[in-house]
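Student: this is the structure alone, sequence omitted:
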């Protein structure tokens with residue numbers, strides 16, 4: 001079930017790659033290592049501090065979990081351009097199993113200098129002393145503050161997003177909408193309205209709303225109710241709050257009346273598949289959906305709108321991955337400088353055009369909206385979103401939560417959250433050592 005860019009395999013990139021043929025790629029060798037195209041490879045981004053060490057000539061390695069040939073080639077080309085500019089050799093290692101291979105490299109004491117990191121693993125890597133927290137060395141104002149919380153451990157930003165899949169939004173099958181006699185005036189902006197239109201859209205062949213039984217979808221409703229698994233600074237578990245109970249009860253009511261169903265219960269692997277197969281008239285997914293619809297379900301017409309507001313307002317979730325830098329790198333200055341090189345305007349735009357990596361830097365948001373209009377809705381409401389919990393060991397807590405909500409229709413929301421609270425507190429205590 002797709003959860004985030006890395007777990008999706010970046011399927012949305014296929015559509016971006018198709019569009020790339022009509023767009024000229026940026027000359028990679030002309031790119032700078034700094035966001036503002038500074039000519040000095042050791043200079044920091046505007047507003048950021050200097051790295052603790054200037055780049056030296058020690059070679060660098062990058063380990064990536066690639067979505068396919070287009071991404072691998074683009075990363076390799078960028079590495080070659082960096083070498084041509086600085087004289088620092090860069091080797092790219094496409095991992096077959098990134099988590100496993102990184103773990104082995106850390107255990108062996110010879111990790112890659114730079115690597116992709118899922119936010120759910122940032123806490124584990126930081127706790128083990130595997131990450132160099134380079135947030136102080138870059139301009140953090142270039143990144144969404146909410147997204148950065150998923151990469152912040154004990155007040156230190158460990159890494160910055162290498163791309164953004166944006167936030168979750170509500171997609172609606174327009175043919176089903178019209179057939180149900182609904183108009184633009186009926187587009188749901190509240191939970192009550194969402195429930196009402198889901199009922200009207202439900203037929204014997206199509207459920208009104210469907211998505212996967214996972215915290216990566218259900219969590220958006222928890223946020224909309226004013227809840228979440230943790231407090232803002234990830235120092236307290238808040239799973240069993242009344243707000244979270246309200247969110248699960250809302251979804252349970254829809255499950256009971258048949259206007260909502262888990263994707264697996266309509267024979268789909270995830271919400272996008274249920275939507276594409278037209279077994280669901282609406283789904284909740286992220287910025288990866290447009291390419292899936294274009295490539296796999298080109299005849300399905302749909303529109304996408306912001307998440308309807310819950311009792312606390314609009315609530316959604318954000319997804320991204322970051323560039324991790326190894327604490328044991330022999331060229332820390334070079335590794336951080338290489339991050340800046342990848343994040344520079346030219347390189348970020350080239351990656352977007354070649355394999356659909358939406359730039360994470362806020363100063364490129366307007367460019368993204370202009371060139372990829374189907375991503376606009378996913379770039380809104382970031383300030384109303386939550387990202388993955390970075391507490392070490394918490395991913396297993398949430399995996400248990402996922403298994404429990406599969407039975408939400410006949411289950412006890414309060415009990416599910418009580419058990420999650422207990423498990424979460426144990427994980428937090430263990431993480432705090």
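Tutor: Cool, got the structure. This is a predicted model, so every value here is computed, not measured.

Student: as a whole number, average confidence for the longest strand anywhere in the chain?
Tutor: When the chain is scanned for its longest strand (criterion: DSSP state E), the result is strand 316-325. Mean pLDDT, strand 316-325: 96.

Student: next one: stretch 285-298
Tutor: 93.

Student: what does stretch 162-175 give?
Tutor: Mean per-residue pLDDT for stretch 162-175: 94.

Student: okay, now the sheet partners of the longest strand of the chain, with direction.
Tutor: Using DSSP bridges, the strands paired with strand 316-325 in its sheet are strand 114-117 (antiparallel), strand 161-167 (antiparallel), strand 385-386 (parallel).

Student: which one of the ones you listed lies closest to residue 429?
Tutor: Closest approach to residue 429 among those is made by strand 385-386 (21.8 Å; CB to CB). C-beta here means a position set from N, CA and C on the backbone, and glycine is covered the same way.

Student: which residues are contacting that closest one?
Tutor: Residues outside strand 385-386 that contact it (CB atoms under 8 Å, 6 or more residues apart in numbering) are 146, 147, 167, 168, 219, 223, 228, 315, 316, 317, 318.

Student: ok, stretch 419-433 next?
Tutor: Residues outside stretch 419-433 that contact it (CB under 8 Å, 6+ apart) are 123, 127, 229-230, 235-237, 239-240, 391-394, 396-398, 400-401, 404.

Student: put the buried members of these into a PyMOL selection.
Tutor: Filtering the contacts of stretch 419-433 down to the buried ones (16 or more other CB atoms under 10 Å) takes a single PyMOL command:
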select buried, resi 123+127+229+230+237+239+240+391+392+393+394+397+398+401+404
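
Student: buried residues, stretch 401-420. List them.
Tutor: Counting neighbours by 16+ other CB under 10 Å, stretch 401-420 gives 401, 402, 404, 405, 408, 409, 412, 413, 416, 417, 419, 420 as buried.

Student: helix, strand, or coil at the fifth one?
Tutor: For residue 408, the secondary-structure state derived from DSSP: H, G, I helix; E, B strand; the rest coil is coil.

Student: dump the residue contacts of it.
Tutor: 213, 248, 251, 252, 255, 416.

Student: of those, which pair is most distant in space?
Tutor: Largest separation among the contacts of residue 408 by CB to CB: 255 and 416, giving 13.2 Å.

Student: returning to that earlier point: need the strands paired with strand 316-325 in JSON lines with mean neighbour count and distance to residue 193, can you?
Tutor: Output for those, formatted as JSON lines (neighbours: other CB atoms under 10 Å; distance: least, CB to CB, whole Å):
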{"stretch": "strand 114-117", "mean neighbour count": "27", "distance to residue 193": "38"}
{"stretch": "strand 161-167", "mean neighbour count": "27", "distance to residue 193": "20"}
{"stretch": "strand 385-386", "mean neighbour count": "24", "distance to residue 193": "21"}
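
Student: for the spatially most central residue of the chain, give the beta-bridge partners.
Tutor: The chain has residue 319 as the residue nearest its centroid, 1.6 Å off, counting by CA atoms, centre = their mean. Beta bridges link residue 319 to residue 166, judged by DSSP bridges.

Student: wait, it touches residue 169, no?
Tutor: No - counting by CB atoms under 8 Å, residue 319 sits too far from residue 169 to count as a contact (11.9 Å).

Student: what touches both of these two?
Tutor: With CB under 8 Å, 6+ apart, residue 319 and residue 169 have common neighbours residue 286.

Student: give me the domain ranges for this structure.
Tutor: Here the domain parsing of the chain from automatic domain parsing is 5-166+319-386, 169-285+393-432.

Student: and residue 308, which of those domains is closest to it?
Tutor: Using CB to CB, the domains of the chain put domain 169-285+393-432 closest to residue 308, at 4.5 Å.

Student: start to end distance for the closest one?
Tutor: End-to-end span of domain 169-285+393-432 (CA to CA, to the nearest Å): 34 Å.

Student: repeat for stretch 372-388
Tutor: Terminal residues of stretch 372-388 lie 25 Å apart, using CA to CA.

Student: repeat that for stretch 60-79.
Tutor: Termini of stretch 60-79 sit 9 Å apart (CA to CA).

Student: can you tell me the average pLDDT over that stretch?
Tutor: Stretch 60-79 comes out at a mean pLDDT of 94.

Student: buried residues, it. List them.
Tutor: 60-67, 70-71, 74-79.

Student: could you list which of the residues you listed belong to helices?
Tutor: Using DSSP state H, the members of those that fall in helices are 70, 71, 74, 75, 76, 77, 78, 79.

Student: if I read this right, the last one contacts residue 88, doesn't it?
Tutor: No - counting by CB under 8 Å, no contact exists between residue 79 and residue 88, whose distance comes to 9.7 Å.

Student: list the buried residues of stretch 292-310.
Tutor: Neighbour-count burial for stretch 292-310, counted by 16+ other CB under 10 Å, picks out 292, 293, 294, 297, 300, 302, 304, 306, 307, 308, 309, 310.

Student: show me which pair in those residues is furthest apart.
Tutor: 294 and 310 (30.4 Å).

Student: residue contacts, residue 75?
Tutor: By CB under 8 Å, 6+ apart, residue 75 lies in contact with 62, 64, 66, 92.

Student: let me see the contact set for the first one.
Tutor: Taking CB under 8 Å, 6+ apart as the criterion, residue 62 is in contact with 75, 79, 90, 91, 92, 93, 112, 113, 114, 115, 338.

Student: can you list the weak-confidence ranges in the stretch 101-250 of the chain?
Tutor: Within the stretch 101-250 of the chain, no range satisfies pLDDT under 70.

Student: now with 80?
Tutor: 165 (pLDDT under 80).

Student: before we move on, back to that, going by distance to residue 328, which of the contacts of residue 408 wins?
Tutor: Of all the contacts of residue 408, residue 328 sits closest to residue 213, with 39.4 Å by CB to CB.

Student: which strand or helix spans the closest one?
Tutor: Here residue 213 sits in a region with no helix or strand, counting by DSSP states H and E.

Student: hey, where'd the strands end up in the stretch 51-200 of the chain?
Tutor: 60-64, 90-94, 114-117, 152-153, 156-157, 161-167, 169-173 (DSSP state E, counting those that start in this stretch).

Student: please disregard the earlier target; I meant the stretch 201-350 of the chain.
Tutor: For the stretch 201-350 of the chain, the strands defined by DSSP E, counting those that start in this stretch cover 207-211, 260-262, 280-285, 302-305, 316-325.

Student: backbone dihedrals for residue 415, please?
Tutor: phi -70, psi -40 (degrees, to the nearest 10).

Student: got a pLDDT number for it?
Tutor: With respect to pLDDT, residue 415 scores 99.

Student: since that was my last question, I'll sign off now.
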